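Student: coords below, sequence missing:
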(Lines give C-alpha, C1' and ligand atoms only; values in the text may rest on other atoms or scores of the structure.)
Protein backbone atom coordinates (compact mmCIF):
# COMPACT_ATOMS: atom_id res chain seq x y z
CA UNK A 1 0.00 0.00 0.00
CA UNK A 2 1.40 3.42 -0.95
CA UNK A 3 0.43 6.80 0.47
CA UNK A 4 1.62 10.07 -1.00
CA UNK A 5 1.49 13.37 0.82
CA UNK A 6 2.03 16.39 -1.40
CA UNK A 7 1.73 19.89 0.13
CA UNK A 8 0.07 21.04 -3.12
CA UNK A 9 -2.93 18.81 -2.40
CA UNK A 10 -2.84 17.90 1.32
CA UNK A 11 -2.61 20.56 3.98
CA UNK A 12 -2.51 18.14 6.90
CA UNK A 13 -0.57 15.09 8.08
CA UNK A 14 -1.07 11.68 6.54
CA UNK A 15 -1.84 9.03 9.19
CA UNK A 16 -1.98 5.25 9.05
CA UNK A 17 -3.51 3.78 12.22
CA UNK A 18 -3.38 0.19 13.47
CA UNK A 19 -5.58 -1.80 15.86
CA UNK A 20 -9.22 -1.63 16.69
CA UNK A 21 -8.63 1.13 19.19
CA UNK A 22 -5.96 2.82 17.16
CA UNK A 23 -3.19 1.48 19.44
CA UNK A 24 -0.45 2.52 16.99
CA UNK A 25 -0.01 4.94 14.15
CA UNK A 26 2.39 5.90 11.37
CA UNK A 27 2.29 9.66 10.77
CA UNK A 28 3.89 11.65 7.96
CA UNK A 29 4.27 15.41 8.46
CA UNK A 30 4.89 16.96 5.03
CA UNK A 31 5.52 20.43 6.45
CA UNK A 32 8.57 19.20 8.38
CA UNK A 33 9.41 16.21 6.16
CA UNK A 34 9.10 13.91 9.18
CA UNK A 35 7.84 10.33 9.61
CA UNK A 36 6.77 9.40 13.15
CA UNK A 37 5.91 6.04 14.72
CA UNK A 38 3.39 6.33 17.59
CA UNK A 39 2.07 3.88 20.18
CA UNK A 40 -0.25 4.34 23.13
CA UNK A 41 1.04 5.06 26.60
CA UNK A 42 -0.37 3.84 29.92
CA UNK A 43 -3.16 6.40 29.69
CA UNK A 44 -4.15 5.21 26.22
CA UNK A 45 -2.87 8.27 24.39
CA UNK A 46 -0.74 8.03 21.27
CA UNK A 47 2.81 9.26 21.88
CA UNK A 48 5.80 9.57 19.57
CA UNK A 49 8.28 6.70 19.77
CA UNK A 50 10.41 7.11 16.65
CA UNK A 51 10.88 10.15 14.42
CA UNK A 52 12.69 10.06 11.07
CA UNK A 53 13.21 13.13 8.94
CA UNK A 54 15.45 15.80 7.53
CA UNK A 55 13.38 18.82 8.40
CA UNK A 56 14.02 21.66 10.81
CA UNK A 57 12.41 20.12 13.91
CA UNK A 58 14.04 16.67 13.96
CA UNK A 59 17.70 15.67 13.44
CA UNK A 60 17.58 12.68 11.04
CA UNK A 61 16.36 9.99 13.50
CA UNK A 62 14.95 10.50 17.02
CA UNK A 63 14.09 7.45 19.13
CA UNK A 64 11.68 7.93 22.05
CA UNK A 65 10.63 11.26 20.56
CA UNK A 66 9.24 13.96 22.86
CA UNK A 67 10.63 12.31 26.00
CA UNK A 68 8.11 9.48 26.08
CA UNK A 69 10.15 7.55 28.67
CA UNK A 70 10.05 4.15 26.94
CA UNK A 71 13.10 1.91 27.27
CA UNK A 72 14.55 0.10 24.28
CA UNK A 73 17.54 -2.08 23.50
CA UNK A 74 19.59 -3.41 20.61
CA UNK A 75 20.62 -7.06 20.78
CA UNK A 76 23.85 -8.56 19.53
CA UNK A 77 24.65 -12.11 18.50
CA UNK A 78 25.26 -13.26 22.09
CA UNK A 79 24.75 -10.06 24.09
CA UNK A 80 21.06 -9.23 24.73
CA UNK A 81 21.93 -5.70 25.85
CA UNK A 82 24.45 -4.63 23.25
CA UNK A 83 22.90 -1.17 23.68
CA UNK A 84 20.23 -0.50 26.31
CA UNK A 85 18.45 2.84 26.70
CA UNK A 86 16.84 3.35 30.10
CA UNK A 87 14.71 6.29 29.04
CA UNK A 88 12.89 6.58 32.34
CA UNK A 89 16.18 7.11 34.21
CA UNK A 90 18.01 8.91 31.37
CA UNK A 91 20.77 6.30 31.32
CA UNK A 92 22.58 4.25 28.68
CA UNK A 93 23.91 0.75 29.21
CA UNK A 94 26.39 -1.18 27.07
CA UNK A 95 26.49 -4.83 28.06
CA UNK A 96 24.00 -4.24 30.87
CA UNK A 97 20.24 -3.84 31.14
CA UNK A 98 20.46 -1.95 34.43
CA UNK A 99 22.77 1.04 33.89
CA UNK A 100 23.81 2.69 37.14
CA UNK A 101 25.13 5.91 35.59
CA UNK A 102 24.57 8.13 32.58
CA UNK A 103 26.79 5.68 30.65
CA UNK A 104 27.39 2.24 32.19
CA UNK A 105 29.72 -0.09 30.27
CA UNK A 106 30.04 -3.71 31.35
CA UNK A 107 33.15 -4.81 29.46
CA UNK A 108 36.32 -3.49 27.87
CA UNK A 109 36.39 -0.05 26.25
CA UNK A 110 38.91 0.79 23.52
CA UNK A 111 39.63 4.50 22.99
CA UNK A 112 41.43 5.21 19.73
CA UNK A 113 41.87 8.92 20.34
CA UNK A 114 41.64 11.38 23.24
CA UNK A 115 39.44 10.73 26.28
CA UNK A 116 38.34 14.18 27.43
CA UNK A 117 37.00 15.32 30.80
CA UNK A 118 35.78 18.72 29.75
CA UNK A 119 33.89 19.87 32.86
CA UNK A 120 35.55 21.46 35.88
CA UNK A 121 35.73 18.98 38.74
CA UNK A 122 35.12 15.94 36.52
CA UNK A 123 36.81 12.79 37.81
CA UNK A 124 37.42 9.17 36.85
CA UNK A 125 36.49 7.01 39.85
CA UNK A 126 37.57 3.37 40.24
CA UNK A 127 35.10 1.87 42.69
CA UNK A 128 36.55 -1.66 42.91
CA UNK A 129 39.91 -3.12 43.92
CA UNK A 130 42.40 -4.31 41.34
CA UNK A 131 44.47 -2.51 38.69
CA UNK A 132 43.02 0.95 38.13
CA UNK A 133 45.06 1.77 35.05
CA UNK A 134 47.34 -0.38 32.92
CA UNK A 135 49.15 0.32 29.68
CA UNK A 136 52.06 -0.32 27.39
CA UNK A 137 54.81 2.12 26.46
CA UNK A 138 52.67 5.25 26.53
CA UNK A 139 52.80 8.03 29.09
CA UNK A 140 50.58 10.25 31.22
CA UNK A 141 51.00 13.99 30.75
CA UNK A 142 49.33 16.48 33.07
CA UNK A 143 50.23 20.13 32.57
CA UNK A 144 50.17 22.35 35.69
CA UNK A 145 48.15 19.89 37.76
CA UNK A 146 48.33 18.02 41.06
CA UNK A 147 48.39 14.27 41.65
CA UNK A 148 46.84 12.87 44.82
CA UNK A 149 47.00 9.30 46.13
CA UNK A 150 44.66 8.66 49.06
CA UNK A 151 44.20 12.42 49.53
CA UNK A 152 42.28 15.28 47.94
CA UNK A 153 44.03 18.54 48.86
CA UNK A 154 47.42 20.05 49.68
CA UNK A 155 47.45 23.83 50.04
CA UNK A 156 51.28 23.88 50.18
CA UNK A 157 51.61 22.34 46.71
CA UNK A 158 51.02 24.05 43.35
CA UNK A 159 52.10 21.33 40.91
CA UNK A 160 53.23 17.93 42.13
CA UNK A 161 52.39 14.61 43.79
CA UNK A 162 50.90 14.07 47.25
CA UNK A 163 50.77 10.56 48.77
CA UNK A 164 48.85 10.04 52.01
CA UNK A 165 49.87 6.71 53.53
CA UNK A 166 47.34 6.91 56.33
CA UNK A 167 48.27 4.66 59.25
CA UNK A 168 50.54 2.37 57.21
CA UNK A 169 54.24 2.37 58.09
CA UNK A 170 55.85 0.38 55.27
CA UNK A 171 57.16 1.55 51.89
CA UNK A 172 55.57 4.68 50.43
CA UNK A 173 57.78 4.92 47.33
CA UNK A 174 59.69 1.99 45.80
CA UNK A 175 62.13 1.73 42.89
CA UNK A 176 62.56 -1.65 41.18
CA UNK A 177 64.58 -3.20 38.37
CA UNK A 178 64.56 -6.65 36.77
CA UNK A 179 68.38 -6.47 36.85
CA UNK A 180 68.45 -6.51 40.67
CA UNK A 181 68.09 -9.63 42.82
CA UNK A 182 69.35 -8.81 46.33
CA UNK A 183 68.94 -11.12 49.31
CA UNK A 184 67.75 -8.67 52.03
CA UNK A 185 64.13 -9.59 51.32
CA UNK A 186 62.91 -9.12 54.90
CA UNK A 187 63.18 -5.37 54.22
CA UNK A 188 62.26 -5.17 50.52
CA UNK A 189 61.40 -7.42 47.61
CA UNK A 190 64.39 -8.86 45.76
CA UNK A 191 64.09 -6.60 42.71
CA UNK A 192 63.92 -3.40 44.78
CA UNK A 193 66.99 -1.15 44.61
CA UNK A 194 65.67 1.79 46.66
CA UNK A 195 62.68 2.74 48.82
CA UNK A 196 61.32 5.49 51.06
CA UNK A 197 59.38 4.86 54.26
CA UNK A 198 58.59 6.45 57.61
CA UNK A 199 61.44 6.32 60.12
CA UNK A 200 58.97 6.08 63.02
CA UNK A 201 55.43 4.81 62.64
CA UNK A 202 53.86 7.38 64.97
CA UNK A 203 56.28 10.32 64.83
CA UNK A 204 57.29 10.33 61.15
CA UNK A 205 60.73 11.08 59.79
CA UNK A 206 62.12 9.58 56.57
CA UNK A 207 64.18 6.44 56.03
CA UNK A 208 65.85 5.82 52.66
CA UNK A 209 67.00 2.30 51.88
CA UNK A 210 69.17 1.41 48.89
CA UNK A 211 70.28 -2.05 47.79
CA UNK A 212 73.24 -2.97 45.60
CA UNK A 213 73.30 -6.57 44.44
CA UNK A 214 76.49 -8.65 44.42
CA UNK A 215 78.67 -8.06 41.40
CA UNK A 216 80.48 -5.03 40.09
CA UNK A 217 82.48 -2.82 42.42
CA UNK A 218 82.08 -2.78 46.21
CA UNK A 219 80.86 0.82 46.27
CA UNK A 220 77.92 3.15 45.60
CA UNK A 221 75.07 1.34 47.25
CA UNK A 222 74.00 4.94 47.86
CA UNK A 223 75.41 7.74 45.72
CA UNK A 224 74.76 11.49 45.85
CA UNK A 225 76.09 13.64 43.00
CA UNK A 226 75.81 17.44 43.03
CA UNK A 227 76.85 19.30 39.86
CA UNK A 228 77.31 23.08 40.05
CA UNK A 229 77.38 25.28 36.95
CA UNK A 230 79.51 27.87 38.79
CA UNK A 231 82.48 28.07 41.17
CA UNK A 232 81.99 26.57 44.62
CA UNK A 233 81.66 28.76 47.70
CA UNK A 234 85.00 28.96 49.57
CA UNK A 235 83.91 30.67 52.82
CA UNK A 236 85.19 28.82 55.90
CA UNK A 237 82.94 30.28 58.58
CA UNK A 238 79.36 30.08 59.87
CA UNK A 239 78.29 31.69 56.57
CA UNK A 240 79.88 29.00 54.38
CA UNK A 241 77.77 27.16 51.78
CA UNK A 242 78.30 24.06 49.63
CA UNK A 243 76.71 22.05 46.79
CA UNK A 244 75.64 19.34 49.26
CA UNK A 245 74.12 20.67 52.48
CA UNK A 246 72.67 18.90 55.52
CA UNK A 247 70.74 21.02 58.01
CA UNK A 248 69.51 20.20 61.51
CA UNK A 249 67.49 22.29 63.96
CA UNK A 250 65.16 21.87 66.88
CA UNK A 251 61.62 23.20 66.49
CA UNK A 252 59.42 25.09 68.91
CA UNK A 253 55.88 25.62 67.68
CA UNK A 254 56.08 26.64 64.02
CA UNK A 255 59.68 27.91 64.07
CA UNK A 256 63.22 26.59 64.28
CA UNK A 257 65.10 27.11 67.52
CA UNK A 258 68.72 26.62 68.57
CA UNK A 259 69.99 23.10 69.05
CA UNK A 260 70.79 22.12 72.61
CA UNK A 261 74.45 22.75 73.49
CA UNK A 262 76.71 19.88 72.38
CA UNK A 263 73.72 18.22 70.70
CA UNK A 264 74.66 15.67 68.07
CA UNK A 265 73.57 16.86 64.62
CA UNK A 266 75.15 14.27 62.32
CA UNK A 267 76.37 10.73 62.84
CA UNK A 268 77.68 7.73 60.92
CA UNK A 269 77.19 4.20 62.18
CA UNK A 270 78.11 0.73 60.94
CA UNK A 271 76.90 -2.79 61.59
CA UNK A 272 80.19 -4.00 62.99
CA UNK A 273 81.73 -7.20 64.35
CA UNK A 274 79.75 -6.76 67.54
CA UNK A 275 76.61 -7.75 65.63
CA UNK A 276 74.86 -4.41 66.05
CA UNK A 277 74.65 -0.91 64.62
CA UNK A 278 77.30 1.13 66.45
CA UNK A 279 78.11 4.82 66.06
CA UNK A 280 81.51 5.53 64.51
CA UNK A 281 81.55 9.30 63.94
CA UNK A 282 79.60 12.30 65.33
CA UNK A 283 79.46 16.01 64.51
CA UNK A 284 77.83 18.09 67.24
CA UNK A 285 76.23 21.54 67.56
CA UNK A 286 79.53 23.22 68.52
CA UNK A 287 81.24 21.90 65.39
CA UNK A 288 83.15 19.34 67.47
CA UNK A 289 83.66 15.85 66.12
CA UNK A 290 84.02 12.47 67.79
CA UNK A 291 85.04 9.18 66.31
CA UNK A 292 85.47 5.72 67.73
CA UNK A 293 88.72 4.90 65.91
CA UNK A 294 91.91 6.55 64.78
CA UNK A 295 92.34 9.20 62.13
CA UNK A 296 94.65 9.17 59.13
CA UNK A 297 95.37 12.57 57.61
CA UNK A 298 96.67 12.59 54.08
CA UNK A 299 97.29 16.34 53.94
CA UNK A 300 98.28 19.13 56.29
CA UNK A 301 96.73 19.43 59.77
CA UNK A 302 95.84 23.05 60.52
CA UNK A 303 94.51 23.68 64.03
CA UNK A 304 92.83 27.11 64.15
CA UNK A 305 91.45 26.82 67.68
CA UNK A 306 93.03 27.92 70.94
CA UNK A 307 93.09 24.68 72.97
CA UNK A 308 94.62 21.25 72.32
CA UNK A 309 94.41 18.02 74.34
CA UNK A 310 95.87 14.53 73.89
CA UNK A 311 94.95 11.12 75.32
CA UNK A 312 91.66 12.22 76.91
CA UNK A 313 93.17 15.22 78.68
CA UNK A 314 91.16 18.42 78.90
CA UNK A 315 92.14 20.65 75.97
CA UNK A 316 94.30 23.54 77.14
CA UNK A 317 95.75 26.69 75.61
CA UNK A 318 99.26 26.72 74.15
CA UNK A 319 101.78 26.34 76.95
CA UNK A 320 104.82 28.56 77.58
CA UNK A 321 108.17 26.97 78.45
CA UNK A 322 110.36 29.03 80.82
CA UNK A 323 113.56 28.50 82.75
CA UNK A 324 117.10 27.59 81.81
CA UNK A 325 117.96 24.87 79.35
CA UNK A 326 121.27 24.42 81.20
CA UNK A 327 123.22 24.37 77.99
CA UNK A 328 121.37 21.23 76.77
CA UNK A 329 121.55 21.42 72.98
CA UNK A 330 119.00 18.63 72.46
CA UNK A 331 116.46 20.35 74.69
CA UNK A 332 117.02 23.61 72.86
CA UNK A 333 116.43 21.89 69.52
CA UNK A 334 113.23 20.21 70.78
CA UNK A 335 111.75 23.45 72.12
CA UNK A 336 112.58 25.21 68.86
CA UNK A 337 110.78 22.48 66.89
CA UNK A 338 107.68 22.49 69.15
CA UNK A 339 107.47 26.27 68.95
CA UNK A 340 107.76 26.12 65.15
CA UNK A 341 104.58 24.01 64.85
CA UNK A 342 102.72 26.12 67.42
CA UNK A 343 102.50 23.63 70.28
CA UNK A 344 104.47 25.75 72.79
CA UNK A 345 105.87 29.21 73.26
CA UNK A 346 109.60 28.96 73.95
CA UNK A 347 110.56 31.52 76.60
CA UNK A 348 113.42 29.46 78.00
CA UNK A 349 116.94 30.70 78.43
CA UNK A 350 120.26 29.13 77.62
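Tutor: On my side now, so go ahead. Just so you know, these numbers come straight off a predicted model, no measurement behind them.

Student: look at residue 2 and report its pLDDT.
Tutor: Note on residue 2: pLDDT of 39.

Student: now do residue 320
Tutor: According to the prediction, residue 320 has pLDDT 95.

Student: neighbours around it, how many?
Tutor: 11 (other Cβ atoms under 10 Å). C-beta: built from backbone N, CA, C; applies to glycine.

Student: specify the beta-bridge partners of it.
Tutor: Residues in a beta bridge with residue 320, per DSSP bridges, are residue 345.

Student: before we move on, what about residue 200?
Tutor: Per DSSP bridges, the residues bridged to residue 200 are residue 204.

Student: correct me, but residue 80 touches residue 93?
Tutor: No: assessed by Cβ atoms under 8 Å, residue 80 is found out of contact with residue 93, at 11.0 Å.

Student: those two: which is more packed in?
Tutor: residue 93 (22 against 11).

Student: residue contacts, the closest residue to that one other than its chain neighbours?
Tutor: Of all residues not flanking residue 93 in the chain, residue 99 sits nearest, at 3.5 Å (Cβ to Cβ, 6 or more residues apart in numbering). In this structure, residue 99 makes contact with 84, 86, 89, 91-93, judged by Cβ atoms under 8 Å, 6 or more residues apart in numbering.

Student: identify the farthest-apart pair in these.
Tutor: 84 and 89 (10.9 Å; Cβ to Cβ).

Student: now do the helices in the stretch 251-350 of the chain.
Tutor: Taking DSSP state H, counting those that start in this stretch, the helices of the stretch 251-350 of the chain run over residues 329-340.

Student: need the strands for it, in chain order.
Tutor: 255-257, 264-271, 277-284, 289-291, 307-308, 316-317, 319-321, 344-346 (DSSP state E, counting those that start in this stretch).

Student: for residue 105, which of those is the nearest?
Tutor: strand 255-257 (53.9 Å).

Student: thinking again about what came up before, from the contacts of residue 99, which single one is nearest residue 286?
Tutor: Of the contacts of residue 99, the one sitting nearest to residue 286 (Cβ to Cβ) turns out to be residue 91, at 72.2 Å.

Student: ok, what's across the strand from the closest one?
Tutor: residue 86.

Student: report the separation between it and residue 223.
Tutor: The gap separating residue 91 from residue 223 is 56 Å, by Cβ to Cβ, to the nearest Å.

Student: looking at those two, which is more packed in?
Tutor: Remark: of residue 91 and residue 223, residue 91 carries more neighbours, 18 against 8, as counted by other Cβ under 10 Å.

Student: relative to residue 222, how far out is that one?
Tutor: Counting by Cβ to Cβ, the gap from residue 91 to residue 222 is 55 Å.

Student: same thing with residue 277?
Tutor: From residue 277 across to residue 222, the span is 16 Å (Cβ to Cβ).

Student: next: residue 286.
Tutor: Separation of residue 286 from residue 222 (Cβ to Cβ) stands at 28 Å.

Student: can you mark which positions in stretch 173-193 are buried?
Tutor: By neighbour count on 16 or more other Cβ atoms under 10 Å, the buried set for stretch 173-193 is 174, 180, 182, 188, 191-193.

Student: after the worst-scoring helix or strand of the chain on mean pLDDT, which helix or strand is next?
Tutor: Every helix and strand of the chain was ranked by mean pLDDT, DSSP states H and E. The lowest is strand 60-63, at a mean of 70. Sequence-wise, the next helix or strand downstream of strand 60-63 (DSSP states H and E) is strand 72-74.

Student: what lines up beside that following strand in the sheet?
Tutor: strand 83-86 (antiparallel).

Student: closest to residue 71 out of the buried residues of stretch 173-193?
Tutor: residue 174 (48.9 Å).

Student: thought that closest one was touching residue 187?
Tutor: No: using Cβ under 8 Å, residue 174 makes no contact with residue 187, being 11.2 Å away.

Student: how about the least confident helix or strand of the chain: buried residues?
Tutor: residue 62.

Student: packing partners for that strand?
Tutor: strand 46-53 (3 or more Cβ pairs under 8 Å, 6 or more residues apart in numbering; DSSP states H and E).

Student: residues in contact with residue 102?
Tutor: 90-92.

Student: and with 10 Å instead?
Tutor: Residues near residue 102 by Cβ atoms under 10 Å, 6 or more residues apart in numbering: 89-92.

Student: for residue 100, same thing?
Tutor: Residue 100 neighbours (Cβ under 10 Å, 6+ apart): 86, 89, 91, 93, 127.

Student: and the fourth one, helix, strand or coil?
Tutor: The three-state label for residue 93, taken from DSSP: H, G, I helix; E, B strand; the rest coil, comes out as strand.

Student: same check, this time on the last one
Tutor: Counting by three-state DSSP, the backbone at residue 127 sits in coil.

Student: and for it, the neighbour number?
Tutor: For residue 127, the neighbour count with other Cβ under 10 Å is 5.

Student: also the first one?
Tutor: By other Cβ under 10 Å, 19 other residues sit near residue 86.

Student: how far away is it from residue 75?
Tutor: 16 Å.

Student: domain map for the chain?
Tutor: 14-70, 141-223, 306-350 (automatic domain parsing).

Student: so which of those domains gets nearest residue 111?
Tutor: Of the domains of the chain, nearest to residue 111 by Cβ to Cβ is domain 141-223, at 15.6 Å.

Student: ok, now which ones touch the most centrally placed residue in the chain?
Tutor: Central residue of the chain (Cα atoms, centre = their mean): residue 161, 4.0 Å from the mean position. By Cβ under 10 Å, 6+ apart, the residues touching residue 161 are 146-149, 154, 173.
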